[in-house]
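Peer 1: structure for this input, please:
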Amino acid sequence: MRLMDLKGKKIAVLVDTLYQEMEVWYPVFRFQEAGAEVVLVAAESGKTYSSKLGYPAKSDRSYDEVAVREFDGVIIPGGYAPDHIRRYAKANQFVRDMNARGKLVASICHGPWVLCSAGVLKGRRATCFYAIKDDVINAGARYEDAEVVVDGNLVTSRKPEDLPAFCRASIGVLTSAAVLA
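Peer 2: A predicted model of the protein is given here:
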């Protein structure tokens, strides 16, 4: 794999309070390293959100300021942040629209809570942190206990230890998937 596989790609990473540090920063730096532009998107632009351990993440843009057409993918990290993210109709719509256009929708750990609220799991294969397995199944997914599950444009993983496989699979989708404009 070439270092600049993602040159010209733009990725949204959703953040909110109590996010899981590794699940935000590992993909942010990995995608930047591969040449992508990474944008932290949250309810409020320019606001600093604290992780579970207090590590700050300052949002670049708000849900009101982003359009699906500008992005190639979205990453939804875990921690308790997804329970906050899914409370915003525009966040759920952004994820739903990214999925409808066949763009990367990647979610790890508790992140699939947002996928449940966005209504994108019905009939799809997915994984997640074991504590929300029932939520994912009740949203219509076929749950698989695996470090990464790829179902077309949808990439899901279970926990921070799965991040290498999660990022590899997400990069694979970004570099090979046909998407609708």
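Peer 1: residue contacts, residue 26?
Peer 2: 160, 163, 167 (CB atoms under 8 Å, 6 or more residues apart in numbering). (Each C-beta comes from the backbone N, C-alpha and C, glycine too.)
Peer 1: and it, what element?
Peer 2: helix 21-33 (DSSP states H and E).
Peer 1: distance from that helix to the middle of the chain?
Peer 2: Helix 21-33 has its C-alpha centroid displaced from the chain centroid by 11 Å (CA atoms, centre = their mean, to the nearest Å).
Peer 1: now that helix: mean pLDDT?
Peer 2: Average pLDDT, helix 21-33: 97.
Peer 1: next: stretch 74-87.
Peer 2: 98.
Peer 1: quick check, residue 90 in contact with residue 64.
Peer 2: Yes - applying CB atoms under 8 Å as the test, residue 90 and residue 64 come out as touching, 6.4 Å apart.
Peer 1: between those two, which is the more surrounded one?
Peer 2: Each of residue 90 and residue 64 has its neighbours counted (other CB atoms under 10 Å); residue 90 has more, 14 against 10.
Peer 1: that one: what's its closest spatial neighbour, skipping adjacent residues?
Peer 2: Spatial nearest neighbour of residue 90, excluding adjacent residues (CB to CB, 6 or more residues apart in numbering): residue 63 at 3.8 Å.
Peer 1: wait, that neighbour sits on residue 91?
Peer 2: Yes - using CB under 8 Å as the test, residue 63 is close enough to residue 91 to be in contact (5.1 Å).
Peer 1: what do the two both touch?
Peer 2: Both residue 63 and residue 91 are contacted by residue 43, under the criterion CB under 8 Å, 6+ apart.
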